[in-house]
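Novice: quick one: sequence and predicted model below, then my questions.
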There are 2 protein chains.
Amino acid sequence: MGVNDINATFENLSEEKRNSIINAAFSCFGKTGYKKTSTSDIAKAVGIPKSSLFKYFGTKRGMYLYLFQFACDAVAMEVVEGPEDFFECIKLATDIKVRVAARFPGMFDFMISTLEEKGTDIYDDLKAINDKRVDKGLDVIFKNVDWGKFKPGVDRSVALNAVTWINEGYGRGKKEKDIKTICADLEMYMNLLKQSFYKEEYLK
Amino acid sequence: MGVNDINATFENLSEEKRNSIINAAFSCFGKTGYKKTSTSDIAKAVGIPKSSLFKYFGTKRGMYLYLFQFACDAVAMEVVEGPEDFFECIKLATDIKVRVAARFPGMFDFMISTLEEKGTDIYDDLKAINDKRVDKGLDVIFKNVDWGKFKPGVDRSVALNAVTWINEGYGRGKKEKDIKTICADLEMYMNLLKQSFYKEEYLK
DNA sequence: ACACCTATGACCAAATCGGTCAATACATTT
DNA sequence: AAATGTATTGACCGATTTGGTCATAGGTGT
């Protein structure tokens, strides 16, 4: 084992065990935030003794930063530039999100919660990691979008808001649905919005 | 002071102070739930000593139940039967929500959080209070809706989902906006959806 | 049998928990 | 001004939980 490699023991675990730990931690931290989530909460959720967590991550802070970095990397690995059609980009983004969320269900809730919680002693570290990201949210996916397809009255932020809110809302409510149903449902909602947003000539 | 009246001292406070306590408690409990929110968290948020809270509500449990009852009553007081047009009902519901949220900003987040947290020793008491409610969510407001105005393909749950998700999404993002802007923004979003949902003949 | 590493529960001091209480501050009555 | 009743407060309580340590038990390869 490397001398300075705190996480080495964790990385040597089987992927299955690693993911189960990561997912439980995502879920716990995502629900109650950094400060209010105790290490024993997470240990209980995973089903391993607390001391193992400290072997893997050193400190609670180390664990949280690891998770944040992990989530950033997981997203960055999937992000690609999208086509010029807005709703194709939405579909692409949804696909990515669904695919990632299938492996790490609590990840996006966790990511949202990280930036909400201020006044903690890790906030600066989080921002440092976040500033180093190149993917910068949805910018990459949408950079090629042809906004000319939209009706004159509809501006970009409105469109993007409506779409993301419906996606979020659907995501919050889904329970025990398989990926195919989810994608089909979302496509239906998106087609609904498309009819409101696009000029007639682009509604195939 | 009445013998069995634990809350009497609290009720005798000025409305301003009472509301500031209620709002801080809504916000704290809404964010981290019953178990993870400490009485000192709330006291600090209000700006009064913790011991005062215990004078007002007796116990933490008592405080939480009071808040829940209070929120139920506040909603029940505003709810009325809506007209037959779906989007007029939405507007009515939004008006109610905005009006209530103007006085108690954290109330709805609190209400949502109450039913999410299971395994606490107050869950049964909450359900008991909740079961006594007559307003039962949005049923009353929407009971007169004429669903025939919708396009054949659009079913009710889809419409209601899209509308509520956009409302929730907008609500989550709003910061320092005055009520008028909020209502205008939401009306714009709703008109967008209306065009997707209604048969042509009903689009004025 | 050995060495090597991981997993684990008992354990720690420090902080925090829900809750109490005697003392103070304050307004009202006499 | 003195006396009275109440509201407010910070100091304080035992109990629990906190982040974190560590010696030991257990498994694996040789």
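Specialist: Thanks, I have the structure now.
Novice: so, low pLDDT: which residues of chain A?
Specialist: When the per-residue scores of chain A are filtered using pLDDT under 70, the ranges that remain are A:1-6.
Novice: alpha carbons only: can I get stretch A:124-134 in CSV?
Specialist: What follows is the C-alpha trace of stretch A:124-134 in CSV, where atoms were taken according to Å, rounded to 0.1, in the frame of the first residue of the first chain:
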residue,chain,number,x,y,z
ASP,A,124,-14.4,26.2,0.5
ASP,A,125,-12.9,22.8,-0.4
LEU,A,126,-16.0,21.9,-2.3
LYS,A,127,-16.0,25.1,-4.2
ALA,A,128,-12.3,24.5,-5.1
ILE,A,129,-13.1,21.1,-6.5
ASN,A,130,-16.2,22.4,-8.3
ASP,A,131,-14.3,25.3,-9.9
LYS,A,132,-11.8,22.9,-11.4
ARG,A,133,-14.6,21.1,-13.3
VAL,A,134,-14.6,21.6,-17.0
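Novice: got the contact list for that stretch?
Specialist: Outside of stretch A:124-134, the residues within contact range by C-beta atoms under 8 Å, 6 or more residues apart in numbering or on different chains are A:61, A:65, A:68, A:69, A:72, A:76, A:114, A:115. Yep, even glycine has a C-beta here, placed from its N, CA and C like the rest.
Novice: leaving out sequence neighbours, find the closest residue to the second one.
Specialist: Nearest in space to residue A:65, with sequence neighbours left out and distances taken as C-beta to C-beta, 6 or more residues apart in numbering or on different chains, is residue A:125 at 5.9 Å.
Novice: the one you found: neighbour count?
Specialist: Around residue A:125 sit 14 other residues, with neighbours defined as other C-beta atoms under 10 Å in any protein chain shown.
Novice: now do residue A:102
Specialist: Counted with other C-beta under 10 Å, the neighbours of residue A:102 add up to 11.
Novice: returning to that earlier point: would you agree the residue nearest to residue A:65 falls within a helix?
Specialist: Yes. The assignment for residue A:125 by DSSP: H, G, I helix; E, B strand; the rest coil puts it in a helix.
Novice: please tell me how far it sits from residue B:85.
Specialist: In this structure, residue A:125 and residue B:85 are 52 Å apart, going by C-beta to C-beta, to the nearest Å.
Novice: biggest helix in chain A by residues?
Specialist: Ranked by residue count and defined by DSSP state H, the top helix of chain A is helix A:15-36.
Novice: relative orientation of that one and helix B:15-36 in degrees?
Specialist: Our comparison of helix A:15-36 with helix B:15-36, counting by axes from the mean of the first three to the mean of the last three C-alpha atoms, to 10 degrees, yields an angle of 150 degrees.
Novice: give the other helices and strands that the next helix or strand after helix A:15-36 contacts.
Specialist: On the C-terminal side of helix A:15-36, the closest following helix or strand by DSSP states H and E is helix A:39-46. Judged by 3 or more C-beta pairs under 8 Å, 6 or more residues apart in numbering or on different chains; DSSP states H and E, helix A:39-46 is in contact with helix A:15-36, helix A:50-57, helix A:60-78.
Novice: let's have those in CSV, adding distance to residue A:137 and mean neighbour count.
Specialist: Supplementary listing: those in CSV, determined by distance: least, C-beta to C-beta, whole Å; neighbours: other C-beta atoms under 10 Å in any protein chain shown:
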stretch, distance to residue A:137, mean neighbour count
helix A:15-36, 18, 18
helix A:50-57, 27, 16
helix A:60-78, 9, 17
